[in-house]
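Asker: Everything below, folded, please.
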Amino acid sequence: MVEKKKKIYFAYPSKMKGSMSEHEISTIVEESGYEVIESFEDEKLILHRHGLKSYYDNPRKDIAGEIFRLDFNHVMVCDYLVAWFPREIPCIGTAIKLVWAYTADRYTYVISPVRHPYLLSMTDFIYPSIEEFRKSFKEDAKFGG
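Answerer: As a prediction, the model looks like this:
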């Protein structure tokens with residue numbers, strides 16, 4: 001029987017979608033043998049259905065609720081969560097997803113130069129940089145499952 005790949009939800013600020021750093025983190029996770037899940041492509045489908053290119057073009061509660069439920073469901077079906085908090089970029093959605101993963105007893109891995117008490121209390125592994133994440137993730141992930 002073929003063993004199913006463990007799923008990791010990758011949470012990060014939407015402003016970083018398509019960046020070199022976002023690609024680098026996804027690659028590290030995939031090369032470590034995990035399936036990466038993130039919601040931005042599915043969110044585009046929601047926006048398209050409402051005739052929008054960006055949520056922020058016309059913020060509406062009904063669309064926000066659809067995105068919220070989508071993200072929540074993705075976090076709940078994952079085995080782990082990687083949350084990236086780049087310095088000086090608002091990460092409200094990323095923080096919420098970390099809380100969901102933590103309360104659902106998922107292993108959490110955080111990349112953040114900031115050692116905020118809330119981050120430290122809700123994460124199993126924290127890395128100050130993407131480079132440190134690259135050096136340690138594959139080995140650390142063994143402890144998560």
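Asker: Point out where this structure drops to low pLDDT.
Answerer: 1-2, 143-145 (pLDDT under 70).
Asker: As a check, name the ranges of all strands in it.
Answerer: 7-11, 35-37, 80-84, 107-111, 125-127 (DSSP state E).
Asker: Switch those strands over to a markdown table; also include distance to S136 and mean neighbour count.
Answerer: In this view, the C-beta of every residue, glycine as well, is placed from N, C-alpha and C. Listed next are the strands of the chain as a markdown table, based on distance: least, C-beta to C-beta, whole Å; neighbours: other C-beta atoms under 10 Å:
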| stretch | distance to S136 | mean neighbour count |
| --- | --- | --- |
| strand 7-11 | 15 | 24 |
| strand 35-37 | 18 | 17 |
| strand 80-84 | 12 | 25 |
| strand 107-111 | 9 | 24 |
| strand 125-127 | 7 | 20 |
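Asker: contacts for the longest helix belonging to the chain?
Answerer: For the chain, the helix with the greatest residue count under DSSP state H is helix 61-77. For helix 61-77, the surrounding residues in contact (C-beta atoms under 8 Å, 6 or more residues apart in numbering) are 7, 9, 11, 37-39, 42-43, 46-47, 50, 52, 55, 81, 93, 96-97, 100-101, 104, 106.
Asker: What of stretch 42-53?
Answerer: 54-55, 58, 60, 63, 66-67, 70, 74.
Asker: Go again with 7 Å.
Answerer: 54-55, 58, 63, 66-67, 70 (C-beta atoms under 7 Å, 6 or more residues apart in numbering).
Asker: Just the buried positions in it, please.
Answerer: 42-43, 46-47, 52 (16 or more other C-beta atoms under 10 Å).
Asker: related to what we said a few turns ago, for the contacts of stretch 42-53, work out which two are farthest apart.
Answerer: N58 and L70 (18.0 Å; C-beta to C-beta).
Asker: Counting neighbours, go ahead and name the busier of these two.
Answerer: L70 (15 against 12; other C-beta atoms under 10 Å).
Asker: give me the number of residues near S26?
Answerer: S26: 16 neighbours (other C-beta under 10 Å).
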